[in-house]
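**Student:** With the input below, show me the fold.
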Amino acid sequence: MSRSTKFLAVFSAAFLLPLLVAVVAPNASISGAVVVAAEKEEPKYKNVKTRKRQSVGARCSKALEKVQPEIELENWAGSLEMLKEIEVNVKTCASDYEQTQVWKFSAYIYYSLDDYKNAIRSYRRVVDGEGTPIELKLDTRYTLAQLYTVLEDYKNAAKELEIWMEASLIVGADAKMLLAQIYYQLERKNDSLRFVNEAIADVEAKAILPKEGWWGLQRVLYYEKNDYKKVVNILEKLVKHYPKWTYWRQLGGMYGEQEREMDRLVATEMVYLNGELSKESQVLSMAYMYLGAEVPYRAAVIIDKGMKDGIIKRSAKNLEILGTAWYQAKDLNNAVKALENASKKSDTGNLQARLAGIYLDLGRDAEAYKAATRADKKGDVKKPDSNFLVMGNALINLNCYKDAVGAFKKSLKVAKDKKGKRYPKQWIRYAETEGSRLQKLRDVGATVPGCNKKG
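**Tutor:** Numbering: from 1, shown residues only. Sure, this is the predicted structure:
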C-alpha cells in the first residue's frame, strides 16, 4: 500500500493537544496570588535570592476585594471598569507590587472573555513589571506560552516556554508536550520528537498511561520520518489503550507498508466485522486482500454483501471482480450470474469470452458457443486465440466438427507464439480425424448424432 495524503491527514489531525491555560484564581489571596503553571509538581526556581516578602497595602487590598465578588458573579464588564478606576487612581494601588496585582486580575478577566490579545498584554505587563516577584514572572511566562499557542503565535510561545524551562528546576511532562506541539508547528520536527519522547518516558516511568494525544503527535513525527516500525508500535498501543476503529484502519495501512499482509488483513477484518467500513473503496480493498490471500469465497461474499447493502456499485468492473471471485471459489453458477450482469454493462467482448469458458466448464455447450461468437463480434477480447479454442471445443461437444475445425484455424491464425499455436494444431487434427470417423459410420448406416448448435 502506498503512502497517501489521506493517511497523513488522518495522522495530522490526531496529534492536537487540549490546551489548559492556567490563570490566577479570582478568589486567591491577594497578597500572595501567583499564576500557577499547568504542572502538578510544585516548581522550584533557579537563582532565587532571599528577599523580603512583598504585600498589598490596606487601601489597595480593600479596593481589590470589592472586585472579587464581581468576578465571582462573572460581571466581566463591571470588574474591568472597577480595575481601570483603581489603576487610574495612582494612590489606590501605588506600589509596583500592587500594580502587578491589578494587571494580574485584568489578565484573568480578559482571558475569561476569550480576549486573548488583551490577556497577553496584561500578562506581559506582569512579566515586565518592576514589582513582580521572580516566581510570578516565571509562572506568568508559562501562561503566556499557552496563550500565544492559542493565537497560533508559535514563535513567541516557544520563546516564553524556553525561558520558563531554563529557569525551572522541575519540568513536567505536560510542559514538554506543549513545547513539542509548538516545535511541530515551527517545523522543528527533531526537537519536537525529542520532547515528545521525553514526556512519554517520564509518565511511563511512573506507571502512568500517556495521554492519547501524546502518542498521536509521536506517531505523526515518526511517520514523517518514514519510521513505520515505530508507527506500528504506537498504533498497537493505541488500539489497546484507546481503542478506536480509525486506529485499527491506520494500523492495517501501516502493516501494508511493511508488507505484513496477513496482519493487515486481520486488522482490516476487525474494522469490517464491526461495520466500520462504509465506503466502496474500503470494502473492495478488503475483498482484494482476501483474493490476495487466496480466500476467494470470502472475497465474493464481501463484494456480494456490499452490493446488496448499496455500498458497492453494480458496475461492469465490480461485477467482473465478483464473478472472478466466485469463479476462483469454484462456484461457477454464481460466477456466471455475476459475469452475465457485467457483460450487459460492457461494450467489449472480453466478458463474453470469459462466460464462454465457464459455460464450457458447466457443460452448457450451446451457450458457450454463442457466448464465444458474441465475444468475437464485439471484439476487444484479451485472448482471442483462447476464445476460438473454447468455441471449437463447444462445437466438438455439439458434434459440429467441420465448424470446430474452422474455429481452431482462427485460433491458430491469431495465436502469437509457438506455444499458442500448438493447441489449435492438436485440436484441428483431432476434429478432422473424429469428424471423418463419424462420417464413415454414417456412410455405413450407423446412427450418429449430427451437428446441433442449439444444444
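
**Student:** centre of the chain versus stretch 60-80, how much separation?
**Tutor:** Centroid displacement of stretch 60-80 relative to its chain, using CA atoms, centre = their mean, to the nearest Å, is 49 Å.

**Student:** Let me see the mean pLDDT of that stretch.
**Tutor:** The average pLDDT for stretch 60-80 rounds to 91.

**Student:** So what touches that stretch?
**Tutor:** Contacts with stretch 60-80, where a contact means CB atoms under 8 Å, 6 or more residues apart in numbering, come from 26-27, 30-31, 56, 82-83, 86, 92-95, 98, 101-102, 105-106, 108-110, 112-113. C-beta: built from backbone N, CA, C; applies to glycine.

**Student:** before we move on, what about stretch 363-378?
**Tutor:** The contact list for stretch 363-378, computed with CB under 8 Å, 6+ apart, reads 347-353, 355-357, 359-360, 381, 384, 387-388, 390-391, 393-395, 397-398, 407, 452-455.

**Student:** Filter these down to just the buried residues.
**Tutor:** Among the contacts of stretch 363-378, the ones that count as buried by 16 or more other CB atoms under 10 Å are 349-353, 355-357, 359-360, 381, 384, 387-388, 390-391, 393-395, 397-398, 407.

**Student:** mind listing what's buried in stretch 206-214?
**Tutor:** For stretch 206-214, burial by neighbour count (16+ other CB under 10 Å) applies to 210-214.

**Student:** leaving aside the residues next to it on the chain, what's closest to R442?
**Tutor:** Closest residue in space to R442, ignoring its immediate chain neighbours: V448 at 5.2 Å, by CB to CB, 6 or more residues apart in numbering.

**Student:** For that neighbour, give me the pLDDT.
**Tutor:** Value for V448, per-residue pLDDT: 83.

**Student:** Same check on V88?
**Tutor:** Reported pLDDT for V88: 88.

**Student:** and what of L209?
**Tutor:** The model's pLDDT for L209 equals 97.

**Student:** from what I can see it touches Y242, true?
**Tutor:** No - the criterion here is CB atoms under 8 Å, and L209 misses it with Y242 at 9.0 Å.

**Student:** Out of the buried residues of stretch 206-214, list just those in helices.
**Tutor:** 212-214 (DSSP state H).

**Student:** TSV please, covering those residues and showing distance to K337 and pLDDT.
**Tutor:** Formatted as TSV, those follow (distance: CB to CB, whole Å; pLDDT from 0 to 100):
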residue	distance to K337	pLDDT
E212	47	96
G213	50	96
W214	52	97
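
**Student:** ok, the residues you listed vs I120, which is closest?
**Tutor:** Among those, G213 lies closest to I120 (CB to CB), at 24.3 Å.

**Student:** quick check, T140 in a helix?
**Tutor:** Yes - counting by DSSP: H, G, I helix; E, B strand; the rest coil, T140 falls inside a helix.

**Student:** residues near it, how many?
**Tutor:** For T140, the count of nearby residues is 31 (other CB atoms under 10 Å).

**Student:** How about the contacts made by it?
**Tutor:** 35, 123, 126-127, 132.

**Student:** Any idea which of those the model trusts least?
**Tutor:** Out of the contacts of T140, that is V35, at 32.

**Student:** List the contacts of the spatially closest residue to L339 that is not a sequence neighbour.
**Tutor:** What sits nearest to L339 in space, not counting adjacent residues and going by CB to CB, 6+ apart, is G323, at 3.8 Å. For G323, the contacting residues are 335-339, 342, 354, by CB under 8 Å, 6+ apart.

**Student:** Can you flag the buried ones in those?
**Tutor:** Neighbour counting with 16+ other CB under 10 Å marks 335-336, 338-339, 342, 354 as buried within the contacts of G323.

**Student:** out of the residues you listed, who's nearest G310?
**Tutor:** Of all the buried ones among the contacts of G323, A338 has the smallest distance to G310: 17.0 Å, by CB to CB.

**Student:** looking at this, the closest one is in a strand?
**Tutor:** No - counting by three-state DSSP, A338 is not part of a strand but helix.

**Student:** who are the neighbours in contact with it?
**Tutor:** Neighbouring residues of A338 by CB under 8 Å, 6+ apart: 319-320, 322-323, 326.

**Student:** ok, those vs L235, which is closest?
**Tutor:** L322 (31.8 Å).

**Student:** was I right about the closest one contacting M307?
**Tutor:** Yes - with contact defined as CB under 8 Å, L322 reaches M307; the gap is 7.3 Å.

**Student:** between these two, which one's more packed in?
**Tutor:** Shown here are L322 and M307; by other CB under 10 Å, L322 has more neighbours (28 against 20).

**Student:** my guess is Q101 meets S55, correct?
**Tutor:** No - the criterion here is CB under 8 Å, and Q101 misses it with S55 at 10.2 Å.

**Student:** So, low pLDDT: which residues of the stretch 1-150 of the chain?
**Tutor:** Filtered on pLDDT under 70, the stretch 1-150 of the chain yields the residue ranges 1-53.

**Student:** Tally up the residues packed near the spatially closest residue to K425 that is not a sequence neighbour, please.
**Tutor:** Among residues not flanking K425 along the chain, L412 sits closest, at 6.4 Å (CB to CB, 6+ apart). Counted with other CB under 10 Å, residues neighbouring L412 total 19.

**Student:** name the element L412 belongs to?
**Tutor:** Secondary-structure assignment from DSSP states H and E places L412 in helix 401-414.

**Student:** So which residues make contact with that helix?
**Tutor:** With contacts defined as CB under 8 Å, 6+ apart, helix 401-414 is touched by 372, 384-389, 391-393, 395-396, 421, 423-425, 427-428, 431-432, 434-435, 438, 451, 453.

**Student:** change it to 7 Å
**Tutor:** Residues from elsewhere that reach helix 401-414 (CB atoms under 7 Å, 6 or more residues apart in numbering): 384-385, 388-389, 391-392, 395-396, 421, 424-425, 427-428, 431-432, 434-435, 451.

**Student:** Under a three-state scheme, what state does the residue nearest to R442 occupy?
**Tutor:** Counting by three-state DSSP, the backbone at V448 sits in coil.

**Student:** is it true that it touches L438?
**Tutor:** Yes - contact criterion CB atoms under 7 Å: V448 and L438 qualify, at 5.0 Å.
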